[in-house]
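*Asks:* mind folding the following:
(2 chains)
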Amino acid sequence: MSHSADRRDAAWWVDRAVQSLVFVGGISGILFIIGIFIFISKEGYGFIVSTLDFGEFFASPRWRPTSSHNPTYGALALIAGTASVTGLAMIVAVPFSLGAAIYIGEFATGKTREYLKVLVEMLAAIPSVVWGFIGLSIMNPLIIELFNVPVGLNVLNSGIILGLMAAPIMTTLAEDALKAVPDTYREAAEALGATRWQVIFRVVLPAAKNGLVAAILLGVGRGFGETMAVLMASGHSINLPTSPFDSVRALTATIAAELGETAAGSEHYQALFTLGIFLFIVTFVINLTADLVVRGVRKQRP
Amino acid sequence: MSETAETRAEDPAGTGAGKISVRDLTIRYGDKVALSGASFDVYENEIFGIIGPAGSGKTSFLRALNRMSDMTPNMVIEGDIAIDGRPVRSWRNVYALRRRIGVVFPLPVGLPMTIYDNVALSPRLRGIKSKAKLDEIVERCLSRAALWDEVKDRLGSLGSLLSGGQQQRLTIARALSQDPEILLLDEFSIAVDPVTTMRIEDVLKELRSEMTIVLVTNLVQQARRLADRTAFFLTGELVEVADTEDLFTGNSKDPRTRDYVEGRFG
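*Replies:* Numbers count the residues shown, from 1 in each chain, chains lettered A, B, ... in the order given. Have a look, this model is predicted:
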């Protein structure tokens, strides 16, 4: 006891404890992901190895899991449904979100900017069922009237709804990407006599390119995974869409609508989990790509 | 180098017309005064040094000169800065004003594009599309900035990957690419090694014959090496403007200037 008690001795233990706690928090993300993957793989595994015909799954539009004599599991129409809705959603969301991000990040100042950021984040928090409700009760009659079509629940409807849903989060991410561009770049370009638009198009957007691509990819991932709004606004009928006015059915909506009616462990049940595995892989790849793209930008700036 | 000496002899400080004239210039950020009531002239084809400790208003003056101040909402400018007799505030198209002025910032700013594109940016914005013409400008500007030999074989690599000293010369090449009448340098040697600093100083001596150079520096000896005349700013006040030689040989009018250049404070 040559030295009196030092609070830092106790603090050292606290430090260790907090470190372990934070480690558990960090590692749990990975554990959950692996756990979920194992769970859905286990549920779908029997079907994939015994019954599933990959050619049929990816090439046939016939999804008839409930047929009593000859059930077929062609997911092409569902994939096409999800892809068409997501594609249209991106056509809607990309210009909106990039435009909003450029305005908020480069033009708006002071209060306007703060209010807009809060509003955009509030938009992102609107529950998807509310968007689905808008699609069902507002967009549906609007589309029927405007385009003189019999049904307003279709690719157009759900694409627009999904686009509006994805736009806020894409705006926030894109704005973050623009904000990560150092102001010195803007000043350097302005000092060369570049106008505001020239600064944005020639310097800021190229510098933020990777972050912007990542924002769009995460929007695509969101579109792929969205369920309720698409279920409500797409018409939910199995179709290979040839026009925006065709009703379609999405992968996610199929799982949501059918899983509750199947017996656990049945072939249909397992087939739905196979769709889940497919969705999981697609969104995983999209998110991974987005992440790699963002990493790419970090490497370029030492 | 001999050419530089000749230029100096032929154009002794103060014989040119007032390229930049500053009258009663006061710059404030909200309530904080950055520069108060400064009046002086910068003559054509001289290197005009501005020295002074941090926070003395040097950079604020540069920002007011090319109207970068427009981007700072609470920056208030009173009095007049005129280039060739025309007040800078009278330019409605501020971009046309900025095109006449090249700026080199304290920290090198290699834009995240290739070396070639960095230098070709301003000509392209101007509307030059011809590859041959752009090639010519890029080579000329990089050569004048003493960078060409080091980068001529890798013009396609990223400008932001160059070393600090190279990036600073790239910035100078970029500033030269718009054939500026006035070149502003704001403490350009902060992030540059001494050897590169000397090379850039040689470049500046050669450029003097073609343009007016305003050199803000907190290296007193750099002002002595380069500037024809030097202004001493201290906490927002223009203490004095004089021939550089006079300032450094004890002939300054204000004792504070002598104390500063002799290193007693600052």
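
*Asks:* on the three-state scheme, the residue positioned nearest the centre of chain B is what?
*Replies:* By CA atoms, centre = their mean, chain B has its centre lying nearest to residue B:184, at 1.9 Å. Put simply, residue B:184 is strand when judged by DSSP: H, G, I helix; E, B strand; the rest coil.

*Asks:* tell me the contacts of it?
*Replies:* Contact partners of residue B:184, counting by CB atoms under 8 Å, 6 or more residues apart in numbering or on different chains, are B:62, B:65-66, B:101-104, B:213-214, B:216. Where you see a C-beta, it was placed from the backbone N, CA and C, and this is true even at glycine.

*Asks:* and with 7 Å instead?
*Replies:* For residue B:184, the contact set (CB atoms under 7 Å, 6 or more residues apart in numbering or on different chains) comprises B:62, B:65-66, B:101-104, B:214.

*Asks:* pLDDT score assigned to it?
*Replies:* Looking at residue B:184, its pLDDT reads 94.

*Asks:* any idea what it is bridged to?
*Replies:* Legend: beta-bridge partners of residue B:184 under DSSP bridges are residue B:103, residue B:214.

*Asks:* and the two most separated of the contacts of residue B:184?
*Replies:* B:65 and B:104 (13.3 Å; CB to CB).

*Asks:* mind checking which of these two has more residues around it?
*Replies:* residue B:104 (27 against 23; other CB atoms under 10 Å in any protein chain shown).

*Asks:* residue boundaries of the helices in chain B?
*Replies:* B:2-10, B:58-65, B:94-99, B:115-126, B:131-144, B:148-151, B:164-176, B:194-207, B:220-226, B:244-248, B:255-261 (DSSP state H).

*Asks:* between the ones you listed, which gets nearest to chain A?
*Replies:* Counting by CB to the nearest CB, chain A lies closest to helix B:94-99 out of the helices of chain B; the figure is 3.6 Å.

*Asks:* may I see the buried residues of that closest one?
*Replies:* B:94-95, B:97-99 (16 or more other CB atoms under 10 Å in any protein chain shown).

*Asks:* how deep is residue B:170 tucked in, by neighbour count?
*Replies:* What residue B:170 shows, counting by other CB under 10 Å, is a neighbour count of 25.

*Asks:* any weak-confidence spans in the stretch 201-302 of chain A?
*Replies:* A:297-302 (pLDDT under 70).

*Asks:* what's the nearest residue in it when you look at chain B?
*Replies:* residue A:207 (4.7 Å).

*Asks:* near chain A, which residues of the stretch 101-250 of chain B are found?
*Replies:* Contact residues, the stretch 101-250 of chain B versus chain A (CB under 7 Å from any CB of the partner chain): B:103, B:105, B:107, B:109, B:111-113, B:121-122, B:125, B:158, B:160, B:174, B:178.

*Asks:* 6 Å instead, please
*Replies:* Counting by CB under 6 Å from any CB of the partner chain, the stretch 101-250 of chain B comes close to chain A at B:103, B:109, B:111-112, B:122, B:125.

*Asks:* start and end of stretch B:85-104, how far apart?
*Replies:* 24 Å (CA to CA, to the nearest Å).

*Asks:* chain center to that stretch, what's the gap?
*Replies:* 14 Å (CA atoms, centre = their mean, to the nearest Å).

*Asks:* kindly report the same for stretch B:143-162.
*Replies:* Using CA atoms, centre = their mean, the offset of stretch B:143-162 from its chain centre is 21 Å.

*Asks:* quick check: buried residues in that stretch?
*Replies:* Buried, per 16+ other CB under 10 Å, within stretch B:143-162: B:144-148, B:151, B:155, B:158-162.

*Asks:* just flag the most distant two among the residues of the stretch 101-250 of chain B next to chain A.
*Replies:* B:103 and B:112 (18.5 Å).

*Asks:* more neighbours: which of these two?
*Replies:* Ranked by neighbour count (other CB under 10 Å), residue B:103 and residue B:112 place residue B:103 first, with 26 against 22.

*Asks:* show me which residues of the stretch 151-300 of chain A sit near chain B.
*Replies:* So the stretch 151-300 of chain A meets chain B at A:184-185, A:188, A:191-195, A:198, A:203, A:207 (CB under 6 Å from any CB).

*Asks:* which helices and strands sit right next to the helix or strand containing residue A:162?
*Replies:* Element membership for residue A:162, per DSSP states H and E: helix A:155-179. Applying 3 or more CB pairs under 6 Å, 6 or more residues apart in numbering or on different chains; DSSP states H and E, we find helix A:155-179 packed against helix A:76-102, helix A:110-124, helix A:205-225, helix A:228-233.

*Asks:* winner for burial among those?
*Replies:* helix A:228-233 (a mean of 26; mean count of other CB atoms under 10 Å in any protein chain shown).

*Asks:* got the contact list for that one?
*Replies:* Counting contacts by CB atoms under 6 Å, 6 or more residues apart in numbering or on different chains, the residues outside helix A:228-233 that touch it are A:85, A:128-129, A:131-132, A:135-136, A:153, A:157-158, A:161, A:250, A:253, A:256.

*Asks:* also stretch A:279-297?
*Replies:* Residues outside stretch A:279-297 that contact it (CB under 6 Å, 6+ apart) are A:210, A:213-214, A:217-218, A:220-221, A:224-225, A:251.

*Asks:* count of residues packed around the nearest residue to residue B:155 once chain neighbours are set aside?
*Replies:* Distances taken as CB to CB, 6 or more residues apart in numbering or on different chains place residue B:116 nearest to residue B:155, at 4.2 Å, with adjacent residues excluded. Look at residue B:116: counted by other CB under 10 Å, it has 19 neighbours.

*Asks:* and residue A:33, by the same measure?
*Replies:* Residues near residue A:33, counting by other CB under 10 Å: 12.

*Asks:* just the pLDDT for it.
*Replies:* 91.

*Asks:* report the separation between it and chain B.
*Replies:* 33 Å (CB to the nearest CB, to the nearest Å).

*Asks:* just the buried ones out of the residues of the stretch 151-300 of chain A next to chain B, please.
*Replies:* A:185, A:188, A:191-195, A:198, A:203, A:207.

*Asks:* what's downstream of the helix or strand where residue A:26 lies, the next helix or strand?
*Replies:* Assessed by DSSP H and E, residue A:26 sits inside helix A:7-50. Per DSSP H and E, helix A:7-50 leads on to helix A:54-59 as the next helix or strand towards the C-terminus.

*Asks:* pull out the buried residues from that next one.
*Replies:* So helix A:54-59, judged by 16+ other CB under 10 Å, has buried residues residue A:57.

*Asks:* what lines up beside whichever helix or strand comes after that helix in the sheet?
*Replies:* Note on helix A:54-59: by DSSP H and E, the next helix or strand toward the C-terminus is strand A:63-64. Next to strand A:63-64 in the sheet, as set by DSSP bridges, lie strand A:72-73 (antiparallel).

*Asks:* any idea how far the partner strand is from the chain center?
*Replies:* 27 Å.

*Asks:* which other residues reach it?
*Replies:* Taking CB under 6 Å, 6+ apart as the rule, strand A:72-73 contacts A:62, A:64, A:271.

*Asks:* please tell me how far the last one sits from residue A:262.
*Replies:* Using CB to CB, to the nearest Å, we find residue A:271 at a distance of 9 Å from residue A:262.
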